[in-house]
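**Student:** What follows is a protein structure lacking sequence information:
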């Protein structure tokens, strides 16, 4: 499993543990990288993966926002490609 895939899992766990709702902004990439103990590049790659799956929305110059409010549903959808 690639590092970005691990970061995807960590990001999903972080979102769930903080109880974020749709429309709420995630911490800045730099802060996420520090919290997760990875590089900003890995965080960016994970955000791109989750954005392509509709879980997150990255708005240039504004931040990254949670798109979905159904944790169980988006968690399954987001992790499915990683299991393959």
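**Tutor:** Sure thing, it's come through. Predicted model only: the values in this text are computed from it and were never measured. Numbering: from 1, shown residues only.

**Student:** For the residue nearest the centre of the chain, report the pLDDT, please.
**Tutor:** By Cα atoms, centre = their mean, the mean C-alpha position of the chain lies nearest to residue 11, the distance being 4.3 Å. As predicted, residue 11 sits at a pLDDT of 91.

**Student:** May I ask which helix or strand encompasses the nearest residue to it once chain neighbours are set aside?
**Tutor:** Counting by Cβ to Cβ, 6 or more residues apart in numbering, residue 11 lies nearest to residue 46, which is 5.4 Å off, once chain neighbours are set aside. Glycine gets a C-beta too; all of them are placed from N, C-alpha and C. Assigned by DSSP states H and E, residue 46 belongs to helix 40-52.

**Student:** Following element in sequence after that helix, please.
**Tutor:** With elements assigned by DSSP H and E, the helix or strand that comes after helix 40-52 is strand 56-59.

**Student:** Please verify my assumption that residue 26 contacts residue 64.
**Tutor:** Yes: using Cβ atoms under 8 Å, residue 26 is in contact with residue 64, at 4.6 Å.

**Student:** Of all the residues in the longest helix seen in the chain, which ones are buried?
**Tutor:** Looking across the chain with DSSP state H, the single longest helix is helix 3-18. The neighbour-count check on helix 3-18 (16 or more other Cβ atoms under 10 Å) flags 4-5, 7-8, 10-12, 15 as buried.

**Student:** Show me what the residue nearest to residue 28 when sequence neighbours are not counted bridges to in the sheet.
**Tutor:** With sequence-adjacent residues excluded and distances taken as Cβ to Cβ, 6+ apart, residue 28 is closest to residue 63, at 7.0 Å. Here residue 63 sits in beta bridges with residue 59, as judged by DSSP bridges.

**Student:** From residue 29, how far off is residue 63?
**Tutor:** Going from residue 63 to residue 29 by Cβ to Cβ, to the nearest Å gives 9 Å.

**Student:** Also residue 23?
**Tutor:** Remark: distance between residue 23 and residue 29 (Cβ to Cβ) = 19 Å.

**Student:** now do residue 9
**Tutor:** Counting by Cβ to Cβ, the gap from residue 9 to residue 29 is 17 Å.

**Student:** And residue 41, by the same measure?
**Tutor:** 9 Å.
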